[in-house]
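[1] sequence? don't have it. structure:
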């Protein structure tokens, strides 16, 4: 086969692209895998993830006393997705297919490949309203030992084996600008060769063009990710009718290379984006004191105990509780006319409940060593993990004080000077008055008691209820929270073989999409809301479908 020809060319060497390449290699297909970033960026955005996977009725769940089923998970998914558009037909089919995968073949397939999971299953996105609405009824967030790098390493290993066998070729610093179409069918891609760049993994790299290239293949698979690193595209796609005006002050939860570049290129070749207004951004973002990419933000993965206030110092109403309903909370914060909010908590809460998103912020889990987890999370005395304590000390969004008066003064220095100490004290004292009994009328304390009924939360994720204004539980901590960009829920419309569909819903011969660029499958298999662990899971599932597609002969 000529040097620049293959059975398939894959654009994007993130998780979905690696999975597709591994599966194609298993079938004996010749693959050329292209990426605009350097070789040490292999794995893309997934490298930086916490490694959480949404799986159903697993041994990890059963050992923690969790009763899960595909029926319950499907009810949760559909209550969260709220599919309501004619174009949601394929996304709905993808959702059903993913639930079957996550309840069936997913875990044994990944386990056989070498993946392992932390034994305590996380309870993310808890919802907080009705059983038929948004949220996970039970914990389903399985943290992979090794976090994001521990997920991708097994697919990298498979791809490298195919590389040694001459089936897969990786070409980095190859920026695709055009999908070559001949008589309405894919014929390859062309673009620019970029200058080498030794920037640290995840940092912004140059776009200096030093050459051109063409690669020919009858199948082109686009796995280039979403738009979360391009704040202008995020604002352009922002659903103003549902969430209000987009924030002007946002932090980027993904690297610069998550730029949406391949989306219009795929559309010009005949693909079609649906549900472009569906997106997933977090409300608990803080500015990274040691940034890697431009405007680098980190998400706090909170337990349920921090009190949540808007910029004016008013407590947010349920279901706007930490870890419960992301998009409802985002909408309510933006309704205030401000673009930030506040957590107020104690050292006891930050010690037990604060986790930071990302592989680099969880070196104990990333190491895959029990000794590190025990040292960081159990033997640390009153301290939280080292990365959390570093943010508390060095992060510009953190205020630490021994008295409420000092805390408010610090909040007003880094905020807009809107917090009234008397009003804040009144709300915290009212909350504290509910702690003396195991029953309460405070909805957040009800949620805390419910969380502690789950063994995993009681052990490592939810602090015992205590009075915030008691100095014995201090110091007091306030955290200024920014909107943090993350995931594109809509994307290129695809069928279950990952084939791109045109605006009429007809297959575009030879064009495929997988991962976030395809809305993780079908052009938006999450619908309006995500249940967490479904981002990496969606990359794996849709990349596998593409690699196994019957349309790639």
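    Ah, there it is. Note that the structure is a prediction, hence the values are computed from the model and not measured.
[2] Least confident secondary structure element in the chain?
    Using mean pLDDT, DSSP states H and E, the weakest-scoring helix or strand in the chain turns out to be helix 370-377, at a mean of 84.
[3] what about residue 37, which SS state?
    Of the three states, residue 37 takes coil according to DSSP: H, G, I helix; E, B strand; the rest coil.
[4] Any buried residues in the least confident helix or strand of the chain, and which?
    Of the residues in helix 370-377, those with enough neighbours to count as buried (16 or more other Cβ atoms under 10 Å) are 373, 376-377. Where C-beta positions appear, they are placed from N, C-alpha and C, glycine not excepted.
[5] now swap in stretch 265-272 and tell me
    265-267, 269-272.
[6] Same question for stretch 412-419.
    Applying 16+ other Cβ under 10 Å to stretch 412-419 flags 412, 415, 419 as buried.
[7] and residue 271, backbone torsions?
    phi -70, psi 170 (degrees, to the nearest 10).
[8] Please disregard the earlier target; I meant residue 545.
    phi -60, psi -40.
[9] ditto for residue 93
    Torsion angles, degrees, to the nearest 10, at residue 93: phi -60, psi -40.
[10] need the contact list for it.
    496, 522 (Cβ atoms under 8 Å, 6 or more residues apart in numbering).
[11] With residue 50 instead?
    Here residue 50 is in contact with 143, 147-148, 301, 355, 357-359, 362, 365 (Cβ under 8 Å, 6+ apart).
[12] The same query, at a cut-off of 6 Å, please.
    For residue 50, the contacting residues are 147, 357, by Cβ atoms under 6 Å, 6 or more residues apart in numbering.
[13] Would you confirm that it belongs to a strand?
    No. Counting by three-state DSSP, residue 50 falls outside a strand, being coil.
[14] and it, how far is that from residue 63?
    Using Cβ to Cβ, to the nearest Å, residue 50 is found at 21 Å from residue 63.
[15] got CSV for the buried residues of stretch 265-272, with pLDDT and secondary structure too?
    Formatted as CSV, the buried residues of stretch 265-272 follow (pLDDT from 0 to 100; DSSP: H, G, I helix; E, B strand; the rest coil):
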residue, pLDDT, secondary structure
265, 98, helix
266, 98, helix
267, 98, helix
269, 98, coil
270, 98, coil
271, 98, coil
272, 98, coil
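[16] For the strand ranked longest in the chain, which strands pair with it and how are they oriented?
    Across the chain, the longest stretch assigned as strand under DSSP state E is strand 476-488. Partners of strand 476-488 in the sheet, by DSSP bridges, are strand 250-252 (parallel), strand 279-287 (antiparallel), strand 340-346 (antiparallel), strand 398-401 (antiparallel).
[17] buried stuff in the first one?
    Neighbour counts using 16+ other Cβ under 10 Å place 250-252 of strand 250-252 among the buried residues.
[18] Stretch 457-464 too?
    Neighbour counts over stretch 457-464 (16+ other Cβ under 10 Å) mark 457, 460-463 as buried.
[19] Please, which helix or strand holds residue 108?
    For residue 108, the host element (DSSP states H and E) is helix 106-113.
[20] per-residue confidence averaged over that helix?
    Per-residue pLDDT values over helix 106-113 give a mean of 98.
[21] Please list the outside residues in contact with it.
    55, 58, 154.
[22] Going by neighbour count, which of the residues you listed comes out on top?
    Ranked by the number of neighbours (other Cβ atoms under 10 Å), those place residue 55 first, at 24 neighbours.
[23] pretty sure that residue is in contact with residue 144, am I right?
    No. The pair residue 55 / residue 144 is not scored as a contact, 10.6 Å apart, by Cβ atoms under 6 Å.
[24] hmm, back to that, let me know the closest of the buried residues of stretch 265-272 to residue 288.
    Using Cβ to Cβ, residue 265 comes nearest to residue 288 of the buried residues of stretch 265-272, at 30.5 Å.
[25] Now do the contacts for the closest residue to the closest one other than its chain neighbours.
    Counting by Cβ to Cβ, 6 or more residues apart in numbering, residue 265 lies nearest to residue 179, which is 6.1 Å off, once chain neighbours are set aside. Contacts for residue 179 (Cβ under 6 Å, 6+ apart) come out as 189, 220, 269.
[26] what's the answer for residue 530, then?
    residue 280.
[27] Next: residue 284.
    Applying Cβ under 6 Å, 6+ apart to residue 284 gives the contacts 299-300, 481.
[28] Closest one of those residues to residue 331?
    Using Cβ to Cβ, residue 481 comes nearest to residue 331 of those, at 14.8 Å.
[29] Give me the number of neighbouring residues for that closest one.
    By the criterion of other Cβ under 10 Å, residue 481 has 28 neighbours.
[30] Do I have it right that it meets residue 341?
    Yes. The criterion here is Cβ under 6 Å, and residue 481 meets it with residue 341 at 4.9 Å.
[31] and which of the buried residues of strand 250-252 is nearest to residue 43?
    Nearest to residue 43 out of the buried residues of strand 250-252 is residue 252 (Cβ to Cβ; 18.2 Å).
[32] Show me what the closest one is bridged to.
    Applying DSSP bridges, one finds that residue 252 bridges with residue 296, residue 485.
[33] go on, residue 499?
    Under the criterion used (DSSP bridges), residue 499 bridges to residue 512.
[34] contacting residues for it?
    Contact partners of residue 499, counting by Cβ under 6 Å, 6+ apart, are 507, 512, 551.
[35] per-residue confidence for it?
    Predicted confidence (pLDDT) for residue 499: 98.
[36] Quick check: it vs residue 112, distance?
    Taking Cβ to Cβ, one finds residue 499 at 28 Å from residue 112.
[37] one step back: out of the strands paired with strand 476-488, flag the one nearest residue 132.
    Closest to residue 132 of the strands paired with strand 476-488 is strand 279-287 (Cβ to Cβ; 21.0 Å).
[38] quick check: angle from the following helix or strand past that closest one to strand 279-287?
    Once strand 279-287 ends, the next helix or strand along the chain (criterion: DSSP H and E) is strand 297-301. Here strand 297-301 points in a direction 100 degrees away from that of strand 279-287 (axes from the mean of the first three to the mean of the last three Cα atoms, to 10 degrees).
[39] What average pLDDT does strand 297-301 get?
    96.
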